[in-house]
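Engineer: got a predicted structure here, sequence first:
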Amino acid sequence: MKKIIFLLCFVCLAAVVANADDFSGTWKVVTAIYNDTYMGEIKYPQRFTIENNNGDMSGHYTDQHGFESDFEKVAVINDGRELLLSLCCGTKHAESWAPLHKAKLMDDGMLHGVVVTDRYEFKWVAEPVVLPENPEQ
């Protein structure tokens, strides 16, 4: 019985790790959807790269203002179905909530993200960037 439980746990864990690889690669934000009152103050990634190093997720991004940095936090959540991203550099005020980005890979192959602080802020959609196999060509 213990062997069966161990095998089931291993299969479930393998599925989660395999799903984490779905987020790996370079992404380009092609759409940011926000209301007319949004002032552009919350940073969001325009282009970013996610890497899976044996289950340890990390990433680098360029925001809409051209600032480049590593993500403070990259985590796969919801049994491997969603990505949680936290950008670095804090907030302007101590009482402000740092923005979190939740993203889900949809059937269209695009990564759909929502930005939340103490409330919902806006959405973004990113497409995978296909890099040339031989960059010298």
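Structural biologist: Cool, the structure landed.
Engineer: what are the ranges of the strands in this protein?
Structural biologist: Using DSSP state E, the strands of the chain run over 25-33, 45-53, 56-63, 68-70, 73-77, 82-86, 100-105, 111-116, 120-128.
Engineer: mind putting these in CSV, mean neighbour count and distance to H93 included?
Structural biologist: Quick note: C-beta positions are derived from backbone N, CA and C, even for glycine. Formatted as CSV, the strands of the chain follow (neighbours: other CB atoms under 10 Å; distance: least, CB to CB, whole Å):
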stretch, mean neighbour count, distance to H93
strand 25-33, 16, 23
strand 45-53, 19, 22
strand 56-63, 17, 19
strand 68-70, 13, 20
strand 73-77, 16, 21
strand 82-86, 19, 17
strand 100-105, 18, 17
strand 111-116, 19, 17
strand 120-128, 17, 16
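Engineer: would a markdown table of those strands with distance to A94 and mean pLDDT be doable?
Structural biologist: Output for the strands of the chain, formatted as a markdown table (distance: least, CB to CB, whole Å; pLDDT from 0 to 100):
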| stretch | distance to A94 | mean pLDDT |
| --- | --- | --- |
| strand 25-33 | 27 | 93 |
| strand 45-53 | 24 | 93 |
| strand 56-63 | 21 | 92 |
| strand 68-70 | 21 | 92 |
| strand 73-77 | 19 | 93 |
| strand 82-86 | 17 | 93 |
| strand 100-105 | 17 | 93 |
| strand 111-116 | 19 | 93 |
| strand 120-128 | 19 | 92 |
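Engineer: would you list those in a markdown table and tack on distance to K92?
Structural biologist: Shown next, in a markdown table, are these (distance: least, CB to CB, whole Å):
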| stretch | distance to K92 |
| --- | --- |
| strand 25-33 | 20 |
| strand 45-53 | 19 |
| strand 56-63 | 15 |
| strand 68-70 | 16 |
| strand 73-77 | 19 |
| strand 82-86 | 16 |
| strand 100-105 | 16 |
| strand 111-116 | 16 |
| strand 120-128 | 15 |
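Engineer: so L111 sits right up against V125, yeah?
Structural biologist: Yes: judged on CB atoms under 8 Å, L111 makes contact with V125 at a distance of 7.2 Å.
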